[in-house]
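J.: Turn this into a structure:
(chains A and B)
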Amino acid sequence: GNSVTQMEGPVTLSEEAFLTINCTYTATGYPSLFWYVQYPGEGLQLLLKATKADDKGSNKGFEATYRKETTSFHLEKGSVQVSDSAVYFCALRNSGGYQKVTFGIGTKLQVIP
Amino acid sequence: DTAVSQTPKYLVTQMGNDKSIKCEQNLGHDTMYWYKQDSKKFLKIMFSYNNKELIINETVPNRFSPKSPDKAHLNLHINSLELGDSAVYFCASSQNAGRMNTEAFFGQGTRLTVV
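T.: The predicted structure follows:
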């Protein structure tokens, strides 16, 4: 079945540091890949997505590239801000039929001033 | 307008009670879900409905019964609540577009506390 593996947190960074959150996946076919963000006390919001190999999703300074050869979708940001503190979820949804969204365990990011 | 809305946002109740959580989406999507998020933030799918038809039913106690009166609504009824049911429950919706399924849009969550 499908699965998503992402690094366990928490990750603590100073403001303006470089961020990488690793994510790898296992799936059949051609899944779409997503990063969701959950700010404290809120629901999940889609941060970015990529629907095919070599696509790069980007939003709010975050980027992730769909790497089929390494089955990875690592999240990066060049300079984090305090307001980026949240839990980040890597997720996938397979193609064809009625497919659920499968989530990783979530990585908590804390950015300190 | 809120795309996926669920009510109530907070629910505190005693063990043994029966409660319902409602969810509505105005995105015109054909698929709706319920997810449970535990205290460690792990998200686990419970149910998925497509056009009012149950598609996915993960290993969930039969005290949990989803009901979809139409494709824009998916409610969750829980009987005989237990302490372990305390969690945040998220409703979500998406569109099945054949080969290219869309992302899921989430509600704000319902924090259920069983005392």
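
J.: rest of the way, CA atoms for contacts and neighbours
T.: Noted.

J.: so which strand or helix has B:Leu112?
T.: B:Leu112 is part of strand B:110-114, with elements assigned from DSSP states H and E.

J.: Please tell me how far that strand is from the chain's geometric centre.
T.: In this view, strand B:110-114 has its centroid 13 Å away from the chain centroid, taken as CA atoms, centre = their mean, to the nearest Å.

J.: Run through the chain and note the low-pLDDT ranges.
T.: The chain I'm using is chain A. Across chain A, residues meeting the criterion (pLDDT under 70) sit at A:96-98.

J.: that's the wrong chain, I meant chain B
T.: Ranges of chain B meeting pLDDT under 70: B:1, B:97-101.

J.: Give me every residue in it lying close to chain A.
T.: B:41-45, B:48, B:50, B:55-56, B:90, B:96, B:98-101, B:103-109 (CA under 8 Å from any CA of the partner chain).

J.: In strands only, show me those.
T.: Here DSSP state E is the test, and the residues of chain B next to chain A give B:Leu43, B:Lys44, B:Ile45, B:Ser48, B:Asn50, B:Ile55, B:Ile56, B:Phe90, B:Phe105, B:Phe106 as lying in strands.

J.: Could you identify the most distant pair in these?
T.: Based on CA to CA, the longest span within those runs between B:Leu43 and B:Asn50 and measures 20.2 Å.

J.: List the contacts of the residue of chain B found nearest chain A.
T.: Nearest residue of chain B to chain A (CA to the nearest CA) works out as B:Gln108 at 4.2 Å. By CA atoms under 8 Å, 6 or more residues apart in numbering or on different chains, the contact list for B:Gln108 reads A:Glu42, A:Gly43, A:Leu44, B:Val4, B:Ser5, B:Gln6, B:Lys9, B:Phe90.
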